[in-house]
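*Asks:* Here's a sequence, model it:
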Amino acid sequence: MTDPSHTPSGEALTDLILETFRLNGRLLAAGDELVRELGLTSARWQVLGAMAAAPAPLPIAHIARNMGLTRQSVRRLVDEMARDGLVRLASNPHHARAKLVLPTEAGKRAFADAHKRQAPWANAVAKGLARRDIEAAHRMLAMIRARIERLSNARQELARQELVADQLKRS
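*Replies:* Residues are numbered from 1 along each chain as shown. Okay, here's the model as predicted:
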């Protein structure tokens, strides 16, 4: 169904977004199934992955930002993972209250085991798909994400400027 308020590109993007939502649901379910026996969920796996990809230990807020999640949801996951012995919190020399999240040996093993399970699964899903098509899809999704981030940052900056202007008017 064509929506007259969308440009053709806007309509195509909307279709892509809806398909991405469906894909995300399937990816999370498949990930949960893949790592369930390791004491992980897709969300826990993501946190361990964000930590593994970082060049240095990160506080919860940075992990959340890198993953595109809320700080509260990552805090909840980290608390659960700490109780289960997958991560530990350490003091942060740059910020007294923002503890660094570090994987424990059990967390490192779980992440490595998850990676071992993911590789054959990814190979099976990718079978018959052209690498150049997958890479083109990756580039397109990364460009869309970057545009959304820029728009979000611009809106936040505008809201901040409006708040400051309003405060100046009141004083």
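*Asks:* what comes up buried for stretch 95-103?
*Replies:* If you call a residue buried by 16 or more other Cβ atoms under 10 Å, then stretch 95-103 has these buried ones: 99-101, 103. Any C-beta I mention is one placed from the backbone N, CA and C, and that applies to glycine too.
*Asks:* In the residues you listed, find the pair that's most separated.
*Replies:* Within these, two members stand farthest from each other by Cβ to Cβ: Lys99 and Pro103, at 13.9 Å.
*Asks:* helices and strands around the helix or strand harbouring Asn123, which ones?
*Replies:* In the assignment (DSSP states H and E), Asn123 maps to helix 105-126. Counting contacts by 3 or more Cβ pairs under 8 Å, 6 or more residues apart in numbering; DSSP states H and E, helix 105-126 is packed against helix 8-35, helix 42-53.
*Asks:* now for the biggest helix by length in the chain, which elements pack on it?
*Replies:* Ranked by residue count and defined by DSSP state H, the top helix of the chain is helix 131-170. Judged by 3+ Cβ pairs under 8 Å, 6+ apart, helix 131-170 is in contact with helix 8-35.
*Asks:* Now do the buried residues in the helix it packs on.
*Replies:* In terms of neighbour count (16+ other Cβ under 10 Å), helix 8-35 has its buried residues at 31, 34-35.
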